[in-house]
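*Asks:* Using only what follows, build the 3D model:
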Amino acid sequence: CCRHALRIFGDHTTVNLTPLFQWWTHHRNESQGDLNASATISRPLEAWHRIIGNKVSELEYAWVVDAVISTNPGASTHARIILKNPPSAEEQTFYTLKSELAAAALQMTNDQRTYQADTKAAQKAEARAQTVRYARNGKIQANGNAQRAGQYQQAAAAALNDQKQLQQAVAPAQKQYEAIPSIHGKYRIDWFALEIGRNQQGVPIYDLGVVEPNSP
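*Replies:* Numbers count the residues shown, from 1 in each chain. Reported below is the predicted structural model:
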């Protein structure tokens, strides 16, 4: 949850959540028995709460979220909320990466199968190449299996090389994908958001703010 510390609002005000992130980390570590964590630091930015949950529906510029709301690591409530400036870009990135990684995994599986099949075929062709036949003129001639064995070996090497290149290429995408909150392959909201009030039906309204993409 402690990511993208800089949030921008409609009046171009920028809020830096770094002090809240630091307090949250200390407080969480303390609750887990870290004696070095500071228990004396007062909570900054009290109107900012951690929101964990799933999108229920979409409104104009907002999501309806079935959320667990936490004011500190040891206190939470459950409510359906309206989340303004929702993390649509992160959600889209998550599903794009998921699709790309699935396609890459399928290709790597196909490469492995191709490598195994061509390696096996090369071994069989190489074995046949050891046999010879006598032509009518009495000269010993090798059959064409040696050439085929070489072709299979080249194809196997190409498949293996493609698999290795894909593994290297997808590593950054895999790391980015795993850093985005999810559960059972579905995007999960896990952000700090500002409580700004309630609507006429009494539904809590939170605002994520516009995320500064270069913020940590």
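
*Asks:* quick one: Ala156 and Thr114 touch, right?
*Replies:* Yes. With contact defined as CB atoms under 8 Å, Ala156 reaches Thr114; the gap is 7.4 Å. Where you see a C-beta, it was placed from the backbone N, CA and C, and this is true even at glycine.

*Asks:* Neighbour count: the two, which is higher?
*Replies:* Higher neighbour count among Ala156 and Thr114: Ala156, with 21 against 17, using other CB atoms under 10 Å.

*Asks:* what about the more buried one, which helix or strand?
*Replies:* helix 145-179 (DSSP states H and E).

*Asks:* helix or strand right after that helix?
*Replies:* Next helix or strand after helix 145-179 toward the C-terminus (DSSP H and E): strand 182-183.

*Asks:* could you give the mean pLDDT of that next one?
*Replies:* The average of the pLDDT scores along strand 182-183 is 94.

*Asks:* what does the helix or strand following that strand rub up against?
*Replies:* Sequence order places strand 186-187 as the next helix or strand after strand 182-183, per DSSP H and E. Identification of contacts with strand 186-187 by CB atoms under 8 Å, 6 or more residues apart in numbering yields 54-55, 90-91, 94-95, 180-181.

*Asks:* other SSEs contacting the helix holding Ala156?
*Replies:* Here helix 145-179 touches helix 88-129, going by 3 or more CB pairs under 8 Å, 6 or more residues apart in numbering; DSSP states H and E.

*Asks:* Quick check: mean pLDDT of the helix it packs on?
*Replies:* Rounded mean pLDDT across helix 88-129 is 91.

*Asks:* What of stretch 23-41?
*Replies:* 63.

*Asks:* Equivalent analysis for stretch 59-71, please.
*Replies:* Stretch 59-71 shows a mean pLDDT of 94.

*Asks:* I'd like to know how many residues surround Gln201.
*Replies:* By other CB under 10 Å, the residues close to Gln201 number 6.

*Asks:* And Asp11, by the same measure?
*Replies:* 5.

*Asks:* Give the helix, strand or coil label for it.
*Replies:* Assigned by DSSP: H, G, I helix; E, B strand; the rest coil, the conformation of Asp11 is coil.

*Asks:* For it, give me the backbone phi and psi.
*Replies:* Here is the backbone geometry of Asp11 (degrees, to the nearest 10): phi -90, psi 20.
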